[in-house]
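In: Take this sequence and fold it.
(one chain, ligands or ions: 1)
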Amino acid sequence: MFDPSDIRKDFPVLKEYVYLDSAATTQTPRPVVDAMCDYFYNYAANHGRGAHRLARETTNHYEDAREAVAEFLGGDYEHTIFTRNTTESINMVALGLDWEAGDHVVTTHVEHHSNLLPWLRLKEKGVEVTVVTPDPDGTINPNDVDSAITEQTKLVAITHVSNVFGSVSDVEEITSIAHRNGCMSLVDAAQSVGHMSFDLNKIDCDFMAVPGHKGMLGPQGTGVLYLKDTDSIKPTYLGGGTVYAVTEDGYKLEDAPGCFEAGTPNIPGVIGLGRGVEYVKALGVEDIQQHEEGLAMDAARRLSEIDKVEVYGPMKRAAVVPFNVIGLNPHDVAMILDETKKICVRSGHHCAIPSIKLLKVEGTVRASFGAYNLPEEVDLLVDTVEQIATTLT
Ligand code: PLP
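Out: Prediction:
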């Protein structure tokens, strides 16, 4: 039975701090750190490059992590590519597809810069980009995506959960619209994997970009690119580990996943990530979702009842609560929360300037939740924001 108080022993930093910034990156549980220490202390070597026992043991642990992550996502081993983060995964798709002038990409106003800039850069190649506007609460209406698709549309790139609004878009419906119109779809699952239960096969997207360091509780510097069809993109990087035959005239690439992971990968990170998904699986994603969303919706409701506090996003939301104290700069509010109560929240534009512009503000304070947060932490946040709003405005 999932009990957030019980798992807090695995996150020593939470003894001292109220960590409400899990949308940026989550805290790392002890078993993940232990798995990485085990690698460093007991068998560290390179991956896939040697016959000696340490190289074999390293390779086995790394590939076991791939199995674990693939299974966690509901996908296949060969289609699960390790990357550094969500951003790298998305860029690998932007750089790996064959683009021609006149091709068209549909994306939205609620994207993190990581799922916007790689498409905007394609304009240099003559690719056109349409940016769909969401409903006022940040939710994308699938019909608006449908209307934006043209004969030239090659890809629809959309976030599952907005890191600014906490809104959830129907990526299954949007992917089916994309496919019906003969285009591919990419889902940015940075704020959903590990936080929400969903079925990758039902979403059926062509590409899913996933962080290792958020809902899957792996370490920073890890991410995943899930490819439905491993031949759909060309590898971005080439070099060691990607080929099985080379002459001066050319080379023959390995099959996936090897051809997509050039050079020495983040071996300890991937091994930690493998342990992270086991940890999350044991807690149960459905229970995590219920817990985190319960905290977020409670926080949003109570903050919105405070005079001079404005909360954004839908009532039914993911684990992200953006707000402002009217008359105060969001960074000042974040600093006061930290200085007075050691409450760590994010403030600013959250790497999503177009979303912030939709709210017609300069930035927001953002409280975001993880499996380890407690209702008492919501109480402390709400009480402290109320004090700030009543004494400083
Ligand atoms: N997409 C969304 C929706 C995000 O919230 C974030 C980061 O917060 C990213 C992409 C970028 O993630 P990463 O830091 O793993 O590259």
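
In: What residues sit buried inside stretch 2-16?
Out: 4, 7-8, 10-11, 14 (16 or more other C-beta atoms under 10 Å). Backbone N, C-alpha and C define where each C-beta goes, glycine included.

In: Show the average pLDDT along that stretch.
Out: Stretch 2-16 comes out with an average pLDDT of 96.

In: Identify all contacting residues around that stretch.
Out: For stretch 2-16, contacts defined as C-beta atoms under 8 Å, 6 or more residues apart in numbering pick out 19, 27-31, 279, 283-284, 287-288, 291, 342, 371-374.

In: Convert it to CSV, retaining C-alpha atoms only.
Out: Extracted in CSV, the C-alpha atoms of stretch 2-16 (Å, rounded to 0.1, in the frame of the first residue of the first chain):
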residue,chain,number,x,y,z
PHE,A,2,1.5,3.3,-1.1
ASP,A,3,2.3,5.6,1.8
PRO,A,4,4.1,8.8,1.1
SER,A,5,5.4,9.2,4.7
ASP,A,6,6.9,5.8,4.5
ILE,A,7,9.0,6.5,1.4
ARG,A,8,10.4,9.8,2.7
LYS,A,9,13.2,7.9,4.5
ASP,A,10,14.6,7.2,1.0
PHE,A,11,14.9,10.9,0.3
PRO,A,12,17.1,12.4,3.2
VAL,A,13,17.0,15.9,1.8
LEU,A,14,13.2,16.1,2.6
LYS,A,15,14.1,16.1,6.3
GLU,A,16,15.2,19.7,5.9
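
In: centre of the chain versus that stretch, how much separation?
Out: Stretch 2-16 sits 22 Å away from the centroid of its parent chain (C-alpha atoms, centre = their mean, to the nearest Å).

In: on that earlier part again, in a markdown table: the buried residues of stretch 2-16, plus secondary structure.
Out: Formatted as a markdown table, the buried residues of stretch 2-16 follow (DSSP: H, G, I helix; E, B strand; the rest coil):
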| residue | secondary structure |
| --- | --- |
| Pro4 | helix |
| Ile7 | helix |
| Arg8 | helix |
| Asp10 | helix |
| Phe11 | coil |
| Leu14 | helix |
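
In: was I right about Arg49 contacting Ala55?
Out: Yes - the criterion here is C-beta atoms under 8 Å, and Arg49 meets it with Ala55 at 6.1 Å.

In: burial count for Tyr279?
Out: Neighbour count of Tyr279, defined by other C-beta atoms under 10 Å: 21.

In: Please name every helix or strand in contact with the helix or strand containing it.
Out: Here Tyr279 sits within helix 267-283, counting by DSSP states H and E. Under the contact criterion of 3 or more C-beta pairs under 8 Å, 6 or more residues apart in numbering; DSSP states H and E, helix 267-283 touches helix 30-38, helix 53-73.

In: Reformat these as a markdown table; add mean neighbour count and distance to Val361.
Out: Converted to a markdown table, the helices and strands packed on helix 267-283 look like this (neighbours: other C-beta atoms under 10 Å; distance: least, C-beta to C-beta, whole Å):
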| stretch | mean neighbour count | distance to Val361 |
| --- | --- | --- |
| helix 30-38 | 18 | 36 |
| helix 53-73 | 18 | 35 |
